[in-house]
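Visitor: How does the following fold in three dimensions:
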Amino acid sequence: MTKLTNQELKHLQKLSNVNVDKSGEQKFLSKLDSVIEMLDKLNTIDTSDVKEINWLGNSLRIIPWTKDFPNKKEILWNVKHEVINNSIVIKSALSSD
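Guide: Below you'll find the predicted structure:
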């Protein structure tokens, strides 16, 4: 598990334009260490059986252990976004649109 130093915390604060006061530094570091620990765990997951496809310019991953539902319209009946090929279409959080 990676522990962040106070110097690294100050650097992150400067990069992200987030200020943490002295009284909250240890709590913030502890929570940030938990996030980093979870990311380290995610890096150990075997994704070799996950096939990546490109559909309409968006990269989608096919996960082999997903459950197939016979009546997909029943599941998606109350979706407020556009549905194409049983997938919910949403704007990317990273787009500049």
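Visitor: Where does pLDDT dip in the chain?
Guide: Applying pLDDT under 70 to the chain picks out residues 1-2, 52-63, 66, 93-97.
Visitor: Would you mind writing the CA trace of the lengthiest helix in it as CSV?
Guide: The longest helix of the chain (DSSP state H) is helix 25-42. What follows is helix 25-42, C-alpha atoms only, in CSV (Å, rounded to 0.1, in the frame of the first residue of the first chain):
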residue,chain,number,x,y,z
GLU,A,25,-4.7,16.8,6.5
GLN,A,26,-4.4,13.4,8.3
LYS,A,27,-8.0,12.5,7.6
PHE,A,28,-7.7,13.5,4.0
LEU,A,29,-4.4,11.5,3.6
SER,A,30,-6.1,8.5,5.2
LYS,A,31,-9.0,8.6,2.8
LEU,A,32,-6.7,9.2,-0.2
ASP,A,33,-4.6,6.2,0.8
SER,A,34,-7.8,4.1,0.8
VAL,A,35,-8.5,5.2,-2.7
ILE,A,36,-5.0,4.4,-3.9
GLU,A,37,-5.2,1.0,-2.2
MET,A,38,-8.4,0.3,-4.1
LEU,A,39,-6.8,1.3,-7.4
ASP,A,40,-3.9,-1.0,-6.6
LYS,A,41,-6.3,-3.8,-6.1
LEU,A,42,-8.1,-3.1,-9.4
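Visitor: can you give me the strands in the protein?
Guide: Ranges of strands in the chain, per DSSP state E, are 51-55, 58-62, 82-84, 87-89.
Visitor: For the third one, name the packing helices and strands.
Guide: Of the remaining helices and strands, those touching strand 82-84 by 3 or more C-beta pairs under 8 Å, 6 or more residues apart in numbering; DSSP states H and E are strand 87-89. Just so you know, the C-beta spots here come from the backbone N, C-alpha and C atoms, and that holds for glycine as well.
Visitor: Figure out how far the strand it packs on is from the centre of its chain.
Guide: Offset of strand 87-89 from its chain centre (C-alpha atoms, centre = their mean, to the nearest Å): 17 Å.
Visitor: Repeat that for stretch 27-36.
Guide: 17 Å.
Visitor: For it, buried residues please.
Guide: Within stretch 27-36, the residues scored as buried using 16 or more other C-beta atoms under 10 Å are 28-29, 32.
Visitor: Sweet, I'm off.
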